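Enquirer: Generate coordinates for the sequence data below:
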Amino acid sequence: MNTVRKLPIGVQDFEKLRKENCLYVDKTQYVYQLAQTVSP
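Expert: All right, here's what the predicted structure looks like:
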């Protein structure tokens, strides 16, 4: 059985993500890459 999971736009609380069975996408790598491309 396939389960559709919510995309929690704007939710910052990891506990809430888990309790509500939301999809979590770790974007840490992209934040690092963005920080490296921005000129000081």
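
Enquirer: Find the residue at the geometric middle of the chain.
Expert: The centroid of the chain falls nearest to Val25 when counting by Cα atoms, centre = their mean (3.8 Å).

Enquirer: For that one, give me its contacts.
Expert: Contacts of Val25 were listed using Cβ atoms under 8 Å, 6 or more residues apart in numbering, and none were found. From N, CA and C alone the C-beta is placed, and that goes for glycine too.

Enquirer: Pop out the phi and psi values for it.
Expert: Dihedral pair for Val25: phi -120, psi 120, per degrees, to the nearest 10.

Enquirer: Local confidence estimate at it?
Expert: Looking at Val25, its pLDDT reads 85.

Enquirer: Could you check how far it is from Leu7?
Expert: Counting by Cβ to Cβ, to the nearest Å, the separation of Val25 from Leu7 is 8 Å.

Enquirer: on that earlier part again, now do the residue nearest to the centre of the chain against Lys16, distance only.
Expert: 15 Å.
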